[in-house]
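Visitor: coords below, sequence missing:
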């Protein structure tokens, strides 16, 4: 495998409803082609605001068996993957943004030790309102999701920026653009 420059990896994560997709869209519109945004492969139909590639469970398993994912994980009955094109882009010195998972962050850090992590968060009331508007879960499911909200923690040597996206998208978006600029310069 070609050596990758993991200082160029920006791993974005946060709870459902934190506005990751909105922030990623905001950044993507403003940075142009100098930053790559990795596709997520998900065992869920396309729709609901996230730009992803839908796979059946069998297609996902086949891609795992052929080593076609740089990273993959499971959450709430769905499977998520980031394709091996991630490593090709990093090997060529391109900054790459990944929409990751908090539960998978430690494994990502092990594979990409110099990655930069951006933790997007929002207040519980904002999360609840956004989840309700999304319409994938009823009020009871939203309450349960917020109650099981795991603590997020990475080792002290990890490069982590936390962005509160409870307010205006442009405010949090400016912070994300700043994080991307730091990765471009690395």
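Guide: Yep, that arrived. Nothing here was measured: the structure is a model prediction, and the numbers come from that model. Residues are numbered from 1 along each chain as shown.

Visitor: tell me how far residue 110 lies from residue 12.
Guide: For residue 110, the distance to residue 12 (CB to CB, to the nearest Å) stands at 18 Å. Heads up, the C-betas are built off the backbone N, CA and C, glycines and all.

Visitor: ok, these two, which is more surrounded?
Guide: For residue 110 versus residue 12, the count of surrounding residues by other CB atoms under 10 Å is larger for residue 12: 25 against 9.

Visitor: and the more buried one, what element?
Guide: strand 9-13 (DSSP states H and E).

Visitor: what residues does that strand touch?
Guide: Strand 9-13 is contacted from outside by 20, 23-24, 86, 90, 95-102, 105, 108, 112, 114-120, 152, 176, 179-180, 183, using CB atoms under 8 Å, 6 or more residues apart in numbering.

Visitor: helices of the chain, residue ranges please.
Guide: 20-31, 57-65, 85-91, 105-111, 124-134, 139-147, 169-185 (DSSP state H).

Visitor: lowest-pLDDT helix or strand in this protein?
Guide: Every helix and strand in the chain was compared by mean pLDDT, DSSP states H and E; the lowest is helix 139-147, with a mean of 84.

Visitor: what separates that helix from the chain centre, distance-wise?
Guide: Mean C-alpha position of helix 139-147 versus that of the full chain (CA atoms, centre = their mean, to the nearest Å) differs by 21 Å.

Visitor: helices or strands up against it?
Guide: On a contact count with 3 or more CB pairs under 8 Å, 6 or more residues apart in numbering; DSSP states H and E, helix 139-147 meets helix 124-134.

Visitor: and the helix it packs on, what's buried?
Guide: The neighbour-count check on helix 124-134 (16 or more other CB atoms under 10 Å) flags 126-128, 130-131 as buried.

Visitor: ok, those residues vs residue 56, which is closest?
Guide: residue 131 (25.9 Å; CB to CB).

Visitor: stretch 68-80: which residues count as buried?
Guide: Within stretch 68-80, the residues scored as buried using 16+ other CB under 10 Å are 69-73, 79-80.

Visitor: swap in stretch 145-157?
Guide: By 16+ other CB under 10 Å, the buried positions in stretch 145-157 come out as 145-146, 152, 154.

Visitor: what's the closest of the helices of the chain to residue 38?
Guide: Nearest to residue 38, of all these, is helix 85-91, at 5.2 Å by CB to CB.

Visitor: does anything pack onto that closest one? Which helices or strands?
Guide: strand 69-75, strand 96-99.

Visitor: what about it, average pLDDT?
Guide: Taken as a whole, helix 85-91 has an average pLDDT of 95.

Visitor: name the surrounding residues that touch that helix.
Guide: Outside helix 85-91, the residues within contact range by CB under 8 Å, 6+ apart are 1-6, 8-9, 36, 38, 70-71, 96, 98, 112.

Visitor: closest one of those residues to residue 167?
Guide: Nearest to residue 167 among the contacts of helix 85-91: residue 98, at 24.7 Å, using CB to CB.
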